[in-house]
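Asks: Generate a structure from the sequence data that follows.
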Amino acid sequence: MHCTSKEDEIYIAVPYNLEIPILFADKLIPPIIPANNLLTIEGVALGKKLFFDPVLSGDETQSCASCHSPQKSFTDQQPFSIGVSGNSGTRNAMPLFNLAWNFDERFAWDGKEFGLERQALEPVSNPIEMHGDWKKIGRKLAASSSYKDLFLQAFGSSKIDSTSITKAIAQFERTLISGNAKFDKYLRGETSLTAEEQNGFAVFMDESKGDCFHCHGSDNNPLWTDNKFHNNGLDNVFTDLGFGAVTGDPNDNGKFKSPSIRNLVFTAPYMHDGRFATLEEVIDHYSEGLKKSPTIDPLMKRVNEGGVQLSVVEKTNLKAFLQTLSDYDFVRNPAFQK
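Replies: This next block holds a predicted model:
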């Protein structure tokens, strides 16, 4: 009698087709999917299971979702996330969505991680964050017959290590697409904006008013970010060098990634250090709170005046527009919940 092991059986993972919003398809190039980590139904399902599993942390109390909650647009709504030992980090947890369209492939506030697969490595082993040991995690998962089967189905091998784990997590993260906010529906001709929202969009796009679109997209950029790094006038002196600490170039000091302004309703507080608790505070910063420094972005054209000096009505309208970019379907999507 000849017996075969599961390793000898041939699993062919089923390709996963991303549901790409029509505005994305019309206005953006295709998403980045690495040739060595193509999306499959099995890989995405495994990545989702891992994303919510606290086994990835040193004491098995925290998962990726602890700091990136689906209901909060994959943030934790804290200025700084708290790790497994109760220690606080120094950066605000970034929301996770539309990551496959980050064409420069630089992730995190300071761009230190290149590629989603690499991005998933560091938080797990970081002693302030999840404080896990990748080798121990691999052994724990390998001791689970269900996980061994899932890895075999996803990757054709039951070998479990940091590479295969982060590949699966990255597959799940690439499915996190947000593209159905009120403003998306407006652009698709499915709804109308209030006068306040329309006026707010005009303020956003007006170079003599909000002048927001250079960094944060427009009706022609549904990502609502340029995914670049800018010094937006937060400080005269930097306690966090941001992108400059990564590149080693002093001209990059104080620069941080422009986050997407989608889903702001769910992602307070704002900025890399969570210093602004409300949208009003963010708008006030650009209106009259800019601070000059050697690397201030040229787009902060009115820094000498403290900002763009919006009226109370303009601020109210701008906030109303920004709120139209909140995608309630995204934070409720059962495909993204535990």
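Asks: residues near residue 85, how many?
Replies: Residue 85 is flanked by 12 other residues according to other CB atoms under 10 Å. For every residue, glycine as well, the C-beta is placed using N, CA and C.
Asks: again, but for residue 71
Replies: Residue neighbour count, defined by other CB under 10 Å, stands at 13 for residue 71.
Asks: Ok, residue 165 next?
Replies: So residue 165, with other CB under 10 Å, has 24 neighbours.
Asks: element containing it, please.
Replies: Here residue 165 sits within helix 162-174, counting by DSSP states H and E.
Asks: repeat for residue 283
Replies: With DSSP H and E as the test, residue 283 turns up in helix 279-288.
Asks: which secondary structure elements does that helix contact?
Replies: helix 312-323 (3 or more CB pairs under 8 Å, 6 or more residues apart in numbering; DSSP states H and E).
Asks: Just want the angle from the helix it packs on to helix 279-288.
Replies: 130 degrees (axes from the mean of the first three to the mean of the last three CA atoms, to 10 degrees).
Asks: for helix 312-323, what is the average pLDDT?
Replies: On average, the pLDDT along helix 312-323 is 98.
Asks: which other residues reach it?
Replies: Applying CB atoms under 8 Å, 6 or more residues apart in numbering, the contact partners of helix 312-323 are 183, 193-194, 196-204, 209-210, 261, 264-265, 279-280, 283-284, 287, 310.
Asks: Drop anything exposed from these.
Replies: Buried members of the contacts of helix 312-323, counted by 16 or more other CB atoms under 10 Å: 183, 193, 197-201, 203-204, 209-210, 261, 264-265, 279, 283, 287, 310.
Asks: Can you pick out the ones from those residues that are in strands?
Replies: Among the buried ones among the contacts of helix 312-323, no member falls in strands (DSSP state E).
Asks: For this protein, which residue occupies the most central location?
Replies: For the chain, residue 96 is the residue whose C-alpha lies nearest the centre (CA atoms, centre = their mean; 3.0 Å).
Asks: Find the nearest non-adjacent residue to residue 266, please.
Replies: In space, and not counting its chain neighbours, residue 266 is closest to residue 73: 4.0 Å by CB to CB, 6 or more residues apart in numbering.
Asks: how about that neighbour, what does it touch?
Replies: Residue 73 touches 95, 96, 97, 178, 262, 263, 266, 267, 327, 330, 331, counting by CB under 8 Å, 6+ apart.
Asks: hmm, try it at 7 Å
Replies: By CB atoms under 7 Å, 6 or more residues apart in numbering, the residues touching residue 73 are 95, 97, 263, 266, 267, 330, 331.
Asks: Next: residue 155.
Replies: residue 164.
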